[in-house]
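Asker: Just need the structure, nothing else, for what follows:
(chains A and B)
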Amino acid sequence: MDDAINILQNEKSHQVLAQLLDTLLAIGTKLPENQAIQMRLVDVACKHLTDTSHGVRNKCLQLLGNLGSLEKSAAKDTEGLAVRDVQKIIGDYFSDQDPRVRTAAIKAMLQLHERGLKLHQTIYNQACKLLSDDYEQVRSAAVQLIWVVSQLYPESIVPIPSSNEEIRLVDDAFGKICHMVSDGSWVVRVQAAKLLGSMEQVSSHFLEQTLDKKLMSDLRRKRTAHERAKELYSSGEFSSGRKWGDDAPKEEIDTGAVNLIESGACGAFVHGLEDEMYEVRIAAVEALCMLAQSSPSFAEKCLDFLVDMFNDEIEEVRLQSIHTMRKISNNITLREDQLDTVLAVLEDSSRDIREALHELLCCTNVSTKEGIHLALVELLKNLTKYPTDRDSIWKCLKFLGSRHPTLVLPLVPELLSTHPFFDTAEPDMDDPAYIAVLVLIFNAAKTCPTMPALFSDHTFRHYAYLRDSLSHLVPALRLPGRKLVSSAVSPNITPQEDPSHQFLQQSLERVYSLQHLDPQGTQELLEFTIRDLQRLGELQCELAGVADFSATYLRCQLLLIKALQEKLWNVAAPLYLKQSDLALAAAKQIMEETYKMEFMYSGVENKQVVIIHHMRLQAKALQLIVTARTTRGVDPLFGMCEKFLQEVDFFQRCFIADLPHLQDSFVDKLLDLMPRLMTAKPAEVVKILQTMLRQSTFLHLPLPEQIHKASATIIEPAGESDNPLRFTSGLVVALDVDATLEHVQDPQNIVKVQVLYPDGQAQMIHPKPADFRNPGPGRHRLITQVYLSHTAWTEPCQVEVRLLLAYNSSSRIPKSLWIEGGEMAPQVETSIEGTIPLSKSVKVYIMPKPARR
Amino acid sequence: MPEIRVTPLGAGQDVGRSCILVSIGGKNVMLDCGMHMGFSDDRRFPDFSYITRNGRLTDFLDCVIISHFHLDHCGALPYFSEMVGYDGPIYMTQPTQAICPILLEDYRKIAVDKKGEANFFTSQMIKDCMKKVVAVHLHQTVQVDDELEIKAYYAGHVLGAAMFQIKVGSESVVYTGDYNMTPDRHLGAAWIDKCRPNLLITESTYATTIRDSKRCRERDFLKKVHETVERGGKVLIPVFALGRAQELCILLETFWERMDLKAPIYFSTGLTEKANHYYKLFIPWTNQKIRKTFVQRNMFEFKHIKAFDRAFADSPGPMVRSGLRGPARLGPCLQVVFATPGMLHAGQSLQIFRKWAGSERNMVIMPGYCVQGTVGHKILSGQRKLEMEGRQVLEVKMQVEYMSFSAHADAKGIMQLVGQAEPENVLLVHGEAKKMEFLKQKIEQEFRVSCYMPANGETVTLSTSPSIPVGISLGLLKREMAQGLLPDAKKPRLLHGTLIMKDSNFRLVSSEQALKELGLAEHQLRFTCRVHLHDTRKEQETALRVYSHLKSVLKDHCVQHLPDGSVTVESILIQAAAHSEDPSTKVLLVSWTYQDEELGSYLTSLLKKGLPQAS
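Answerer: Numbers count the residues shown, from 1 in each chain, chains lettered A, B, ... in the order given. Take a look at the predicted model:
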């Protein structure tokens, strides 16, 4: 560092100077504790601030931003240096002649803020001046700075120039940033629109101005289309066809009162949403969403604008606005005319848009029964046009029904087409549209006990059928003359009080407490507990993850115990090849199960990972012992022993912090004997291992807080088709795969599609990251195309398609360990170590035809 | 004082016949050369005799700039260049250059073939005129001659519409032409940088209007069309061939695409087909969406929109939807048709209208303004029974809708543009006087710049104070730098040098270099001044006193006492002599060169105050 500073003093070239300062910056950031060095560097930076080259000044400011501090205490021990007010120094460069330096100065200021220094309020005025800078990067940075200051001092009062009034700083800043939404540069516009969303402290008065735009025509006040729609609605009329002059301007406006350059917030969002760049529009929609979430009254007001965005020309914007609407749907009720527009989007040919809209409808409040009817009609239309939307539409109607039971009630006779006197024909039970209607009605009936009285006989029959076949969509109803089948669990019981959870806890404790039971008893207990847990998982879906997880662990333990009970240990090796098969298989299965435990559950914490790895280590030891006993000759054993010892070593290094928890365990003992093992001959090692494996205790598996088993269902292909997919051999055919994934973390990297051909050939396909959509937390949707190809067949045959979870056990280990480990190559991370089947396989009937010559 | 003079020959407090003369820095530029749609006599073209009564216009105009292809901005071009006579360059953007002759030809055809006018420009003239055109790119700076340069900015409005900056030296004028500050389905929004021109000439069609969001209108339009089509009705959209027609096509095309609709849309052939071809070519001039997606597919290559055949109009239309599924149609069905002209006064659109007017299932959508007396105006004002030629009465049962799709900036947009460009003065054209008045007042109030709105033929003169750039020789600059002190932007600084004005460029060089360049000998200029001092002592002593006094006062300068009794301060010589008449008065002779004027005059004033009393 001293060298660098010395060179700095004699150096003339600006470029070299800038580079040297860069070096100093790197040094400074590496030594964050050393105050003296930092002070010295800041001093150097200040000296070079007067350099003529912008590059040098830039770097100086960067250095100041990263290293400068305000704390006076630090200045005390370095008395020689004057206490510098870094903020003041940086602030002076806000008016530098070079725009790059100005930008750097603002960035440095932001950097100071990021490092936790409190910026002075005086900066606000300086930053406001920079908003009218000629250069976009300066303006963009200034907008950020203003935002930061407004978050720091929201409540302080600033005067309005040219009048005596005073307003809150956050309101003033809001107004200024709003003004930047109509800036000349789109970069600034995006920046401004984004920041608007996070200014929640702004007063509602200002907030509502952002949606305000006074229209006029020839100096006469005109109503916006939104206002007209609202009036039509409130006057009870339906929008009749537009007439010439329907929007004729009304009252005259006083010319003096019109303000064409809106001061402050007026119409910021109106502009932002109409911007020519879709980036700005998306940012504006996002901001609207965030503000609307924090202010219900604003949410109500911005509704019209959001609905308008449903017709944007760019799909991303449409999608974003639909998502936004869903997020704020708690605060709003859709008017009928708005609903009409929303529903029109159902015909969109993009699947994403339609599904987003279904999600939206799930949580929308509708105000009238006509609205419900309209929604149903449009959804059914959607269903006929795009039959693949079936599931999504049913789900949507389920929520629509359960949210609006009173609105559905008057519609029931019409929907079921019942007649007071005549029996009507029984509708087709397999018609998706009819099912859709029933789903709506049954869900409404759940909270509306009078509704079942309106059902006709066949409706009850259909209910019974649907309750069984589509139980996730049709709730249990309290029907007259029937007993309620399943008792609803009241949801407000906390997990601890929940009896089933208690049961789980108890049964696990029982297993762990009885450690030194005779082998036979232990085995039996384990078997029973595993059975109990599995059943519990089936019954209680919220406990399924925990139950399965523990059951798997217990099964591993059981397998291990069983393997150790084998007779083979007592007899001379060569005689019992058959038994050793069993032991080997057990070892293999334990390994598989441990991989499943590690990778198929979301929410697994480090303490569980240790236990799992420990179990795997035991399995490996078992494998080693069995092989040692069954193979003759020592040579192959050498390699295996070496490998095993490496694994142990690796285990120790990875989980060094957790070792104290593993008292008395296999590893614990193993590590004690490690020095001996390293030097021992393979035969001896095997012997030691064998005794230790027998002596090791059963480790207690702590239950994680939240654990869910990853699962996947392939929706498409359904596997029911009898018509083979014909294609010319040697060419490819694209198969649409649509699957939902639950509780899969990072599916983009780990979920693969496997295709198994009848000849045993297996093919793994990596879906593109863009094929995964994330409709909700913990849920993913994979919509992709799989290309199949094969040589010509004589008969159509079935291929199996399933989803796999690719894992790599080393990827869990933090990277720094790798570097210390030295001999391990870090690129292992991307490779696939093995796969776990994630979904049931689906059969697809295909027929590659020979090519015609 | 340098001036910028602006004279509108058309479009001054008026819409139509845009033609504005600008004199800036000794250059004359004509902005636009349009015709007026309201007149069919001589008034339809600007009065070019204002420029010169006799003699060719080429001598008086340095260049002509056309902002876009609408006829009220370029309609008089062949008349002006071929019939009046102009051979100088005509600047326009490439799309304008491509589409302009099509429109001019169409205009000519209607005027000559249909109305039978004589003394009109011919097809050949249009061709000859277009040969004089020079195409410019967006943001390309074109040097018209050594001093005059022009630069085009994107203006929205129609394909290829541009705003032009005209610059001479440091004086500049921006002419907006027609522009649109809100993007539409096929074009982006106008944009200009902070060029701070001396004058901004802006259109003001919608000076007193603030418009609603375009989305509502678009949505209504699409909904109407969609509903009618679903009902099995037919939709007629009368449009003009260029501009809005393409926007509506894109709008419907994307909607059809999105909603996966199958009903075909037809477009009347002819002019529009040709124009569509150019729209396909000039993708960089369109909006973000079209630019981004054109790699996959050019949005103007319509999938659902097809060329129209006259026989189609009689086809029965779609079968009324019965319980049966599947297409049970015979021949092409006609459901949505764009037809020209836009006001339903003649041609294809009127023909189709007559055929369809009888059914209440059908609909006609008027996307623009209709002149009084046309069928379009009549039906829009609610007339349900129309008298056609031959005493026929046509009953209009079809629905009539009006949607305004206009591509001019509204009052807010104009203010926004003024704010972006930060001009020193604003001049309003292309609008009605009464509306301009309002906007003028607003501009003056909000931006505190002066605003003008001349009528046709009225000249506005602005005096400017352009800053004159002067080149400084490197030697001089380095010498000045060597004296220390970095240049400070805020403080004026004194500098010695020689200003050479040669061929209208200015250079600042050191005097030695100037002498060398001009081949002049150096003359020494010395000032001599006598200062009378009351001192009874001898000359030498006086000199000594002067020396010590100056030494104490002028600490920064080198003061020397020479052996011959004279004192020097730098190069200034001071000699003391006894007064010839009054021996008690000494005369101090101060002599300095011109270069030391500052110090010399300071010295004399110092000496005139007298010496301090002897100590």
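Asker: Low-confidence stretches in the chain?
Answerer: In the absence of a named chain, chain A is used. Along chain A, segments meeting pLDDT under 70 span A:69-84, A:162-163, A:213-225, A:227-265, A:479-498, A:514-519, A:566-580, A:631-634, A:809-832, A:853.
Asker: ah, I was thinking of chain B
Answerer: Ranges of chain B meeting pLDDT under 70: B:1, B:241, B:269, B:310-334, B:369, B:371, B:484-491, B:613-615.
Asker: ok, the residue of the stretch 601-750 of chain A found nearest chain B - contacts?
Answerer: Relative to chain B, the nearest point of the stretch 601-750 of chain A is residue A:736 (17.3 Å; CB to the nearest CB). Backbone N, C-alpha and C define where each C-beta goes, glycine included. Residue A:736 makes contact with A:716-717, A:783-785 under the criterion CB atoms under 8 Å, 6 or more residues apart in numbering or on different chains.
Asker: now do 7 Å
Answerer: A:716, A:785 (CB atoms under 7 Å, 6 or more residues apart in numbering or on different chains).
Asker: Partner strands of the helix or strand hosting it, with direction?
Answerer: Element membership for residue A:736 (DSSP states H and E) is strand A:733-742. Sheet pairing of strand A:733-742 (DSSP bridges) gives strand A:711-716 (antiparallel), strand A:779-788 (antiparallel).
Asker: what's in contact with the next helix or strand after the last one?
Answerer: The element immediately downstream of strand A:779-788 (helix or strand, assigned by DSSP H and E) is strand A:797-807. Applying CB under 7 Å, 6+ apart, the external contacts of strand A:797-807 come out as A:595, A:599-600, A:710, A:712, A:714, A:717, A:737, A:739, A:750-758, A:764, A:786, A:788, A:832-846.
Asker: now do stretch B:500-520
Answerer: B:468, B:470-473, B:475-476, B:479, B:497-499, B:522.
Asker: Contacts only, for residue A:202.
Answerer: Neighbouring residues of residue A:202 by CB under 7 Å, 6+ apart: A:170-171, A:174.
Asker: can you check residue A:689 too?
Answerer: With CB under 7 Å, 6+ apart, residue A:689 has these contacts: A:621, A:624-625.
Asker: Going by neighbour count, which of those comes out on top?
Answerer: Greatest neighbour count in the contacts of residue A:689, by other CB atoms under 10 Å in any protein chain shown, goes to residue A:621: 26 neighbours.
Asker: Give me the nearest residue to that residue, chain neighbours excluded.
Answerer: residue A:689 (5.0 Å; CB to CB, 6 or more residues apart in numbering or on different chains).
Asker: Quick check: phi and psi at residue A:508.
Answerer: phi -70, psi -40 (degrees, to the nearest 10).
Asker: Surely it is in contact with residue A:551?
Answerer: No. Using CB atoms under 7 Å, residue A:508 is not in contact with residue A:551, being 9.9 Å away.
Asker: Check the stretch 51-200 of chain A for the residue nearest chain B and tell me.
Answerer: For the stretch 51-200 of chain A, CB to the nearest CB, closest residue to chain B: residue A:184, 4.8 Å.
Asker: Which secondary structure state does that residue sit in?
Answerer: Using DSSP: H, G, I helix; E, B strand; the rest coil, the structure places residue A:184 in coil.
Asker: circling back to that earlier point, give me the subset of the contacts of stretch B:500-520 touching chain A.
Answerer: Residues of these in contact with chain A (CB under 7 Å from any CB of the partner chain): none.
Asker: Output these in a markdown table; the columns should cover secondary structure, distance to residue B:70 and neighbour count.
Answerer: Listed next are these as a markdown table, based on DSSP: H, G, I helix; E, B strand; the rest coil; distance: CB to CB, whole Å; neighbours: other CB atoms under 10 Å in any protein chain shown:
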| residue | secondary structure | distance to residue B:70 | neighbour count |
| --- | --- | --- | --- |
| B:468 | coil | 39 | 10 |
| B:470 | coil | 44 | 13 |
| B:471 | strand | 44 | 11 |
| B:472 | strand | 48 | 16 |
| B:473 | coil | 51 | 17 |
| B:475 | helix | 56 | 12 |
| B:476 | helix | 54 | 20 |
| B:479 | helix | 58 | 14 |
| B:497 | coil | 53 | 19 |
| B:498 | strand | 54 | 17 |
| B:499 | strand | 49 | 11 |
| B:522 | coil | 65 | 9 |
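Asker: re the thing from before, from the contacts of residue A:689, which ones fall inside strands?
Answerer: Among the contacts of residue A:689, no residue falls in strands (DSSP state E).
Asker: tell me the helices in the stretch 1-150 of chain B, going along the chain?
Answerer: Taking DSSP state H, counting those that start in this stretch to define them, one finds helices in the stretch 1-150 of chain B at B:71-74, B:77-78, B:94-108, B:123-131.
Asker: so which of the ones you listed gets nearest chain A?
Answerer: helix B:94-108 (18.2 Å).
Asker: Next, the buried residues of that closest one.
Answerer: Within helix B:94-108, the residues that count as buried by 16 or more other CB atoms under 10 Å in any protein chain shown are B:94-108.
Asker: For the longest helix anywhere in chain B, name the packing helices and strands.
Answerer: Counting by DSSP state H, the longest helix found in chain B is helix B:214-231. If you count contacts as 3 or more CB pairs under 7 Å, 6 or more residues apart in numbering or on different chains; DSSP states H and E, helix B:214-231 packs onto helix A:296-309, strand B:235-238, helix B:244-259, strand B:363-366.
Asker: The last one and chain A, are they touching?
Answerer: Spelled out, it's strand B:363-366. No. Under the criterion of CB under 7 Å from any CB, strand B:363-366 makes no contact with chain A; the nearest approach is 8.3 Å.
Asker: Run through who's touching stretch B:108-121.
Answerer: Against stretch B:108-121 from outside (CB under 7 Å, 6+ apart): B:78-79, B:82-83, B:123, B:126.
Asker: Identify the bridge partners of the spatially most central residue of chain B.
Answerer: The residue lying closest to the centre of chain B (CA atoms, centre = their mean) is residue B:175, at 2.6 Å. Under DSSP bridges, the beta-bridge partners of residue B:175 are residue B:164, residue B:201.
Asker: related to what we said a few turns ago, in strands only, show me the contacts of residue A:202.
Answerer: Short answer: these have none in strands (DSSP E).
Asker: Now for the closest residue to residue A:399 other than its chain neighbours: which residues touch it?
Answerer: Spatial nearest neighbour of residue A:399, excluding adjacent residues (CB to CB, 6+ apart): residue A:362 at 3.9 Å. Counting by CB under 7 Å, 6+ apart, residue A:362 touches A:395-396, A:399.
Asker: ok, and the most crowded of those residues?
Answerer: Among these, the one with the most neighbours (other CB under 10 Å) is residue A:396, at 26 neighbours.
Asker: thinking that residue is in contact with residue A:358, fair?
Answerer: Yes. With contact defined as CB under 7 Å, residue A:396 counts as touching residue A:358 (4.1 Å).
Asker: want to try CSV for the helices of the stretch 1-150 of chain B, with distance to residue B:289 as columns?
Answerer: Putting these into CSV (distance: least, CB to CB, whole Å) gives the following:
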stretch, distance to residue B:289
helix B:71-74, 27
helix B:77-78, 33
helix B:94-108, 18
helix B:123-131, 32
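Asker: Out of those helices, flag the one nearest residue A:436.
Answerer: helix B:94-108 (50.9 Å; CB to CB).
Asker: now the angle from that closest one to helix B:123-131?
Answerer: Interaxial angle of helix B:94-108 relative to helix B:123-131 (axes from the mean of the first three to the mean of the last three CA atoms, to 10 degrees): 160 degrees.
Asker: Restrict helix B:94-108 to CA atoms and write it as CSV.
Answerer: Provided in CSV are the C-alpha atoms of helix B:94-108 (Å, rounded to 0.1, in the frame of the first residue of the first chain):
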residue,chain,number,x,y,z
GLN,B,94,-36.4,8.1,-46.2
PRO,B,95,-40.0,6.9,-45.4
THR,B,96,-41.3,10.3,-46.4
GLN,B,97,-39.2,10.2,-49.6
ALA,B,98,-40.7,6.8,-50.4
ILE,B,99,-44.4,7.5,-49.6
CYS,B,100,-44.6,11.1,-50.6
PRO,B,101,-44.7,10.6,-54.4
ILE,B,102,-47.5,8.0,-54.0
LEU,B,103,-49.6,10.5,-52.2
LEU,B,104,-48.7,13.3,-54.6
GLU,B,105,-49.6,11.2,-57.6
ASP,B,106,-52.9,10.3,-55.9
TYR,B,107,-53.6,13.9,-55.2
ARG,B,108,-52.8,14.8,-58.8
